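**Student:** no sequence on hand, only this structure:
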């Protein structure tokens, strides 16, 4: 189940900010090397999050990325986004956050970490009793 809180772009600065929550169910049963979220819109651009539950080139770590889904709209220019992607823990103080400013363009459509978190650490409050993992993305288009 995914929840989206965002607005389309416009003159109001608050419309350039949005939050997306993605609950990945039965995470330990997934055999996919790469899982993409539903697309959500912030600042007139479409975004998604990408998770590699078995690692991306580093099989001992969870990999996590923010992707611009409508990269053709970026031509001929690029745009900056300040964003935070979080792996949510049942204890909010232990949630793991990736916070950065990045310039997205046609050649650079995503940004994240191949080594976001060691897989055994996911069982320390990140995966709930229903075998679900929650990812939250906060995006502000600049």
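**Tutor:** Yep, it's here. This one's a predicted model, so the numbers in the text were calculated from it and none came from an experiment.
**Student:** ok, now which ones touch residue 27?
**Tutor:** Contacts for residue 27 (Cβ atoms under 8 Å, 6 or more residues apart in numbering) come out as 53, 122, 127, 131-133. Just so you know, the C-beta spots here come from the backbone N, C-alpha and C atoms, and that holds for glycine as well.
**Student:** in PyMOL, select just the buried ones from those.
**Tutor:** The buried residues among the contacts of residue 27 can be selected in PyMOL (16 or more other Cβ atoms under 10 Å) with this line:
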select buried, resi 53+122+127+133
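**Student:** any idea how far residue 85 lies from residue 29?
**Tutor:** 23 Å (Cβ to Cβ, to the nearest Å).
**Student:** between the two, point out the one with more neighbours.
**Tutor:** Counting neighbours by other Cβ atoms under 10 Å for residue 85 and for residue 29 shows that residue 85 has the greater number, 25 against 8.
**Student:** least confident secondary structure element in this structure?
**Tutor:** strand 2-5 (a mean of 44; mean pLDDT, DSSP states H and E).
**Student:** give me the neighbour count for residue 119.
**Tutor:** Around residue 119 there are 15 residues (other Cβ under 10 Å).
**Student:** same question, the one 4 residues further on
**Tutor:** With neighbours defined by other Cβ under 10 Å, the count for residue 123 comes to 9.
**Student:** ok, now residue 26?
**Tutor:** Quick note: residue 26 (other Cβ under 10 Å) scores 10 neighbours.
**Student:** for it, phi and psi?
**Tutor:** phi 50, psi 50 (degrees, to the nearest 10).
**Student:** so which elements touch the helix or strand encompassing residue 138?
**Tutor:** Here residue 138 sits within strand 133-141, counting by DSSP states H and E. Under the contact criterion of 3 or more Cβ pairs under 8 Å, 6 or more residues apart in numbering; DSSP states H and E, strand 133-141 touches strand 17-24, strand 40-42, strand 45-52, strand 61-68, strand 79-87.
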